[in-house]
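*Asks:* How does the following fold in three dimensions:
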Amino acid sequence: MQPYVTLNIKDEVGYIEFFHPEQNAMPTENLKKLEKTIVEAGANEVIKVIVLQSGGDRTFCAGASFKELVEIENMEAGTQFFSGFANVINAIRLCPKLIIGRVQGKVVGGGVGLVAATDYCLATQFASIKLSELSIGIGPFVIEPAISRKIGKAAMSQMTINAETFYGAQWAKEKGLYARVYDSIEALDETVKTLATKLSTYNPKALQQIKQVFWEGTSHWDTLLLERAKISGKLVLSKFTKERLKRFK
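*Replies:* Numbering: from 1, shown residues only. Presented below is the predicted three-dimensional model:
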């Protein structure tokens with residue numbers, strides 16, 4: 001299958017789905033499409049609530065595209081690459097609609113940032129999480145504010161340091177990343193649909209106002225996340241990281 005980002009509207013709920021054949025890894029093109037689609041859904045008056053989901057059943061998102069990462073040769077390209085997740089997280093933050101995360105499988109790197117940025121997240125027992133960035137010579141700089149905001153700096157630090165360890169879905173629930181964890185995708189989808197449909201009947205102005213309350217104190221993220229992208233953009237050019245990335249060529 002080819003990569004895609006789609007928006008389907010059903011019962012005033014906008015279902016945004018992204019997919020990439022490489023375990024839903026996100027190249028720049030897909031990130032740009034996802035950012036654009038979130039903005040469009042936020043501006044669509046028919047949509048009252050948004051669900052963010054991915055295609056496939058094993059991995060929600062494998063993070064940044066390593067194939068694209070290994071091709072970076074200068075600071076500008078590096079900064080632009082890492083700005084992809086920054087722009088999507090800011091689009092989620094600024095979207096006037098509540099965004100529900102539907103996480104059916106494993107989440108790695110930048111994908112954890114996307115999950116953390118959703119306003120309410122539901123997952124299956126298979127949705128373990130990992131921040132692998134330090135193991136390849138960079139770090140989760142861009143996504144750190146979103147993750148720390150949701151699970152706290154201590155849990156964020158624990159995941160970052162244990163960069164080759166998957167943390168289970170129950171651990172993620174205990175830390176506040178997931179609201180609930182389900183035994184199957186079917187049970188997850190039923191609950192996501194029920195919740196989204198119910199929220200779509202609430203006062204849209206109240207939903208918009210409460211989202212602003214949820215995100216108080218984050219207006220500086222417009223610049224913060226792009227500054228963090230520059231850090232990663234510089235590190236990816238280092239000799240250490242280039243050596244580590246050779247195995248992905």
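*Asks:* So which residues of this structure form strands?
*Replies:* 4-10, 13-19, 49-54, 59-61, 99-103, 106-108, 120-124, 129-130, 180-182 (DSSP state E).
*Asks:* want to try a markdown table for the ones you listed, with mean neighbour count as columns?
*Replies:* Yep, even glycine has a C-beta here, placed from its N, CA and C like the rest. Putting these into a markdown table (neighbours: other C-beta atoms under 10 Å) gives the following:
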| stretch | mean neighbour count |
| --- | --- |
| strand 4-10 | 14 |
| strand 13-19 | 21 |
| strand 49-54 | 25 |
| strand 59-61 | 26 |
| strand 99-103 | 27 |
| strand 106-108 | 25 |
| strand 120-124 | 23 |
| strand 129-130 | 24 |
| strand 180-182 | 19 |
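*Asks:* can you list those in a markdown table and add mean pLDDT?
*Replies:* Shown next, in a markdown table, are the strands of the chain (pLDDT from 0 to 100):
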| stretch | mean pLDDT |
| --- | --- |
| strand 4-10 | 98 |
| strand 13-19 | 98 |
| strand 49-54 | 98 |
| strand 59-61 | 97 |
| strand 99-103 | 98 |
| strand 106-108 | 98 |
| strand 120-124 | 98 |
| strand 129-130 | 98 |
| strand 180-182 | 98 |
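*Asks:* Could you dump those into JSON lines with distance to residue 142 added?
*Replies:* Written out in JSON lines, the entries for those read as follows (distance: least, C-beta to C-beta, whole Å):
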{"stretch": "strand 4-10", "distance to residue 142": "19"}
{"stretch": "strand 13-19", "distance to residue 142": "18"}
{"stretch": "strand 49-54", "distance to residue 142": "18"}
{"stretch": "strand 59-61", "distance to residue 142": "14"}
{"stretch": "strand 99-103", "distance to residue 142": "18"}
{"stretch": "strand 106-108", "distance to residue 142": "14"}
{"stretch": "strand 120-124", "distance to residue 142": "19"}
{"stretch": "strand 129-130", "distance to residue 142": "16"}
{"stretch": "strand 180-182", "distance to residue 142": "26"}
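*Asks:* Residue 25 is nearest to which of those?
*Replies:* strand 59-61 (7.5 Å; C-beta to C-beta).
*Asks:* so where's the protein uncertain?
*Replies:* 248-249 (pLDDT under 70).
*Asks:* How far off centre is stretch 96-112?
*Replies:* 5 Å (C-alpha atoms, centre = their mean, to the nearest Å).
*Asks:* OK, contacts around the residue nearest to residue 218 when sequence neighbours are not counted?
*Replies:* Leaving aside its sequence neighbours, residue 218 sits nearest to residue 93 (C-beta to C-beta, 6 or more residues apart in numbering; 6.1 Å). By C-beta atoms under 8 Å, 6 or more residues apart in numbering, the contact list for residue 93 reads 117, 215, 218, 221.
*Asks:* the inter-axis angle of the helix ranked longest in the chain versus strand 99-103?
*Replies:* In the chain, ranked by residue count with DSSP state H as the criterion, the top helix is helix 75-94. Note on geometry: by axes from the mean of the first three to the mean of the last three C-alpha atoms, to 10 degrees, helix 75-94 and strand 99-103 are set 110 degrees apart in direction.
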